[in-house]
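[1] I'd like to go over a predicted model; first the sequence, then the structure.
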Amino acid sequence: MKTRTELIYLKSVGSYLNQKKGIIYPALVNNEPDLDCPIYLKGDEVSREWYSALSAGDMHHVNLVDILRL
């Protein structure tokens, strides 16, 4: 099970990011990650609108996913 400490909250899109695995989880109404609904950054599972809505700071965290995989 994922712990919340492994996840970074992306406020601009209301999602949590696991940088090590490149997975995002939508935030529930109670601001907890929905761990039953993983969305993979790879494989075009994320819409262009989601990327467009990212703040500069949140985009930085998402961009680090590729760097961390090297």
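    Done, it's in.

[2] Parallel or antiparallel, list what pairs with the helix or strand containing Y9.
    Following DSSP states H and E, one finds Y9 within strand 8-10. Partners of strand 8-10 in the sheet, by DSSP bridges, are strand 15-18 (antiparallel).

[3] next SSE after the strand it pairs with?
    The helix or strand immediately downstream of strand 15-18 is strand 23-26, counting by DSSP H and E.

[4] Quick check: mean pLDDT of that next one?
    For strand 23-26, mean pLDDT is 95.

[5] I'd like to know which elements that strand is packed against.
    Judged by 3 or more C-beta pairs under 8 Å, 6 or more residues apart in numbering; DSSP states H and E, strand 23-26 is in contact with strand 15-18, strand 39-40. Quick note: C-beta positions are derived from backbone N, CA and C, even for glycine.

[6] What are the buried residues along that strand?
    Neighbour-count burial for strand 23-26 flags I23, I24, Y25 (criterion: 16 or more other C-beta atoms under 10 Å).

[7] Walk me through which strands it pairs with, and which way each runs.
    Using DSSP bridges, the strands paired with strand 23-26 are strand 15-18 (antiparallel), strand 39-40 (antiparallel).
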